[in-house]
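Asks: got a structure for you, letters missing:
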């Protein structure tokens with residue numbers, strides 16, 4: 001097969017070559033198996049096959065082993081003889097060592113080019129998933145995004161969303177009439193979650209320049225697809241950030257790429273390692289979103305391959321979208337494991353030469369049960385396949401080698417320097433400073449006016465008209481207690497302290513108007 005990726009040998013004595021057709025590679029796939037059964041090597045040879053066909057790939061390197069794709073294998077490797085023997089067994093006659101064009105990425109900017117997006121591009125649904133918000137808190141976050149659009153307050157980084165939440169808290173009475181109740185407790189809870197994400201390094205992920213998808217879909221001078229490797233060893237300590245980032249990237253591909261129908265080969269292949277992290281405790285709205293993307297993104301020319309230990313880690317509706325399957329060994333020690341093994345075997349088109357359930361249990365390291373889509377997208381008969389050896393280095397490269405590759409990349413300098421353009425934080429800060437200056441000026445003017453009024457009253461005290469004395473009893477009438485109290489109160493109210501009291505009362509009455 002000229003338009004396909006060679007997987008290995010199946011059938012009797014592993015003599016029948018097994019291929020993954022590129023024409024149906026955008027029908028998605030699944031690579032499953034217990035720890036240590038060879039999933040990483042399978043992922044590596046799939047990426048090599050796509051890259052040689054001019055198809056860019058994106059994958060997360062959870063253990064650091066995939067970085068070896070940047071360097072060719074060599075005869076000094078301890079498995080060289082085993083690789084050569086396996087290549088001869090499966091009829092891989094043109095097997096040679098070669099390196100591949102690799103671009104390293106890292107959300108933290110330590111082991112590759114930084115990867116960023118803006119808070120606005122992430123959207124309220126994925127950000128709520130990242131922050132693990134309740135329904136009420138998610139509602140407030142949706143209000144924040146709505147206000148961002150209406151008030152012209154761009155949300156780029158975590159400082160912007162924090163400033164927006166503070167502004168909402170200060171104006172919650174007015175906003176609640178338009179959007180529903182906005183409680184300070186919920187705002188405080190969101191602020192605490194944002195602090196946790198920032199402490200985990202998530203603050204580096206939000207900002208500009210944002211990742212351009214075109215930088216993931218390049219080919220080199222020889223027409224080989226770029227292999228984009230995300231350093232995920234440190235990222236895995238924040239599994240929610242890891243899964244949310246990959247889902248965001250998948251959603252961006254779905255939103256931005258044009259329809260291409262059924263191309264002869266994919267425009268990009270996306271490998272989602274540790275896929276169970278995406279679905280653990282995921283709300284139904286998020287699972288529905290993944291299902292929608294998986295169902296429709298193939299028409300954009302993107303193939304999505306989930307890598308996990310057990311097929312039942314993937315929801316059934318999504319599992320049904322995965323046409324190409326590579327199943328490494330599954331261990332069945334408990335009743336649940338046995339049920340999962342039986343269900344996995346039932347999803348394959350049976351082969352009369354062996355029992356699929358038993359084969360999944362017995363296949364050794366580097367061997368798998370495979371079923372690829374064939375003509376007209378029909379699933380092929382299940383085969384026991386001996387996976388071919390990789391052409392690139394098996395295992396990670398050294399830190400100096402990685403740094404040299406990053407430094408020599410044509411993307412060097414594009415994402416390393418952050419941009420801080422005017423956004424919600426700066427706008428709201430400027431408004432607050434302007435309001436503070438206006439209040440200070442008003443207070444100063446008020447104090448000047450009060451001083452002038454005091455001087456005016458003091459001047460009038462010595463310029464009053466002369467009053468003649470009267471000897472009538474009415475004139476000498478003693479003031480009542482009520483009249484005396486009224487005069488005393490009026491005297492106090494006409495003074496500075498009294499005026500401030502009146503202003504406070506009137507301000508409280510008319511503040512809400």
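Replies: Structure received. All of these numbers come straight from a predicted model, not from anything done at the bench.

Asks: Would you check how far apart the closest residue to residue 312 other than its chain neighbours and residue 305 are?
Replies: Excluding the flanking residues, the one nearest residue 312 by C-beta to C-beta, 6 or more residues apart in numbering is residue 340, at 4.9 Å. Where C-beta positions appear, they are placed from N, C-alpha and C, glycine not excepted. According to C-beta to C-beta, to the nearest Å, residue 340 and residue 305 sit 20 Å apart.

Asks: out of these two, which sits in the more crowded spot?
Replies: residue 305 (24 against 18; other C-beta atoms under 10 Å).

Asks: Averaged pLDDT, the helix or strand hosting that one. What do you get?
Replies: Assigned by DSSP states H and E, residue 305 belongs to strand 302-308. Throughout strand 302-308, pLDDT has a mean value of 94.

Asks: For the next helix or strand after that strand, what is the distance to the chain centroid?
Replies: The helix or strand immediately downstream of strand 302-308 is helix 316-319, counting by DSSP H and E. On the basis of C-alpha atoms, centre = their mean, to the nearest Å, helix 316-319 sits 22 Å off its chain's mean C-alpha point.

Asks: Can you mark which positions in helix 316-319 are buried?
Replies: Neighbour counts over helix 316-319 (16 or more other C-beta atoms under 10 Å) mark 318, 319 as buried.

Asks: Who are the packing partners of it?
Replies: helix 284-296 (3 or more C-beta pairs under 8 Å, 6 or more residues apart in numbering; DSSP states H and E).

Asks: for the helix it packs on, packing partners?
Replies: Helix 284-296 packs on helix 119-131, helix 239-256, helix 276-279, helix 316-319, going by 3+ C-beta pairs under 8 Å, 6+ apart.

Asks: so how far does stretch 253-273 reach from one end to the other?
Replies: Distance between the two ends of stretch 253-273: 18 Å, counting by C-alpha to C-alpha, to the nearest Å.

Asks: Check stretch 391-407 too.
Replies: This stretch, stretch 391-407, spans 24 Å end to end (C-alpha to C-alpha).

Asks: hmm, who's touching that stretch?
Replies: Outside stretch 391-407, the residues within contact range by C-beta atoms under 8 Å, 6 or more residues apart in numbering are 41, 44, 48, 63-65, 67-74, 77, 79, 95-100, 102, 104, 111-113, 412.

Asks: Could I get the buried residue list for it?
Replies: Using 16+ other C-beta under 10 Å as the test for burial, stretch 391-407 gives 391, 392, 393, 394, 395, 396, 397, 402, 405, 406.

Asks: Show me which of those is closest to residue 171.
Replies: residue 406 (45.6 Å; C-beta to C-beta).

Asks: and the closest residue to residue 52 other than its chain neighbours, what is it in contact with?
Replies: The shortest distance from residue 52 to any non-neighbouring residue, by C-beta to C-beta, 6+ apart, is to residue 224 (6.0 Å). Residue 224 makes contacts with 51, 52, 54, 100, 101, as judged by C-beta under 8 Å, 6+ apart.

Asks: Repeat the analysis, applying 10 Å as the threshold.
Replies: Taking C-beta atoms under 10 Å, 6 or more residues apart in numbering as the contact definition, residue 224 lies against 48, 50, 51, 52, 53, 54, 55, 56, 98, 100, 101.

Asks: Next, count neighbours for the fourth one.
Replies: So the one you mean is residue 52. 17.

Asks: Check the first one too.
Replies: Other residues near residue 48 number 22, with proximity taken as other C-beta under 10 Å.

Asks: and it, what helix or strand is that in?
Replies: helix 39-52.

Asks: what separates that helix from the chain centre, distance-wise?
Replies: Mean-position distance between helix 39-52 and its chain equals 25 Å (C-alpha atoms, centre = their mean).

Asks: for the helix or strand just after that helix, packing partners?
Replies: Sequence order places strand 57-61 as the next helix or strand after helix 39-52, per DSSP H and E. Using 3 or more C-beta pairs under 10 Å, 6 or more residues apart in numbering; DSSP states H and E, the elements in contact with strand 57-61 are helix 39-52, strand 102-106, strand 227-231, helix 239-256, strand 268-273, strand 302-308.

Asks: Show me where the stretch 51-200 of the chain has its helices.
Replies: 80-89, 119-131, 135-151, 158-170, 172-179, 184-199 (DSSP state H, counting those that start in this stretch).

Asks: just the contacts of residue 224 now: which is nearest residue 145?
Replies: Nearest member of the contacts of residue 224 to residue 145, counting by C-beta to C-beta, is residue 56, at 31.5 Å.

Asks: Excluding chain neighbours, give the residue nearest to that closest one in space.
Replies: Here the nearest residue to residue 56 in space, its sequence neighbours aside, is residue 225; by C-beta to C-beta, 6+ apart that works out to 4.1 Å.

Asks: for this protein, which spans come out with low pLDDT?
Replies: For the chain, the stretches with pLDDT under 70 are 1-2, 454-513.

Asks: returning to that earlier point: the strand holding residue 305: partners in the sheet, and parallel or antiparallel?
Replies: Strand 302-308 has its sheet partners listed here by DSSP bridges as strand 29-32 (parallel), strand 268-273 (parallel).

Asks: Among these, which comes closest to residue 439?
Replies: Closest to residue 439 of the strands paired with strand 302-308, according to C-beta to C-beta: strand 268-273, at 53.2 Å.

Asks: What residues sit buried inside that closest one?
Replies: By 16+ other C-beta under 10 Å, the buried positions in strand 268-273 come out as 268, 269, 270, 271, 272, 273.

Asks: just to revisit the earlier point, now for the helices and strands packed on helix 284-296, which one comes closest to residue 147?
Replies: Nearest of the helices and strands packed on helix 284-296 to residue 147, taken as C-beta to C-beta: helix 119-131 at 11.7 Å.

Asks: Distance of the residue nearest the centre of the chain relative to residue 201?
Replies: Nearest to the geometric centre of the chain sits residue 245, at 2.9 Å (C-alpha atoms, centre = their mean). Here residue 245 is placed at a distance of 12 Å from residue 201 (C-beta to C-beta).

Asks: now residue 282
Replies: Distance, residue 282 to residue 201, using C-beta to C-beta: 22 Å.

Asks: Residue 59 too?
Replies: Counting by C-beta to C-beta - residue 59 and residue 201 are separated by 21 Å.

Asks: just residue 37 next, same as before
Replies: 31 Å.

Asks: Looking at those two, which one has more neighbours?
Replies: Of the pair residue 37 and residue 201, residue 37 is the one with more neighbours under other C-beta under 10 Å, namely 22 against 17.

Asks: tell me the contacts of the more buried one?
Replies: 309, 327, 328, 329, 330, 331, 363, 364, 365, 366, 367, 368.

Asks: Just give me the neighbour total for the residue nearest to the first one when sequence neighbours are not counted.
Replies: Read that as residue 309. Distances taken as C-beta to C-beta, 6+ apart place residue 34 nearest to residue 309, at 5.9 Å, with adjacent residues excluded. Using other C-beta under 10 Å, residue 34 has 15 other residues around it.

Asks: I figured residue 34 hits residue 331, correct?
Replies: Yes - counting by C-beta atoms under 10 Å, residue 34 touches residue 331, with 5.0 Å between them.
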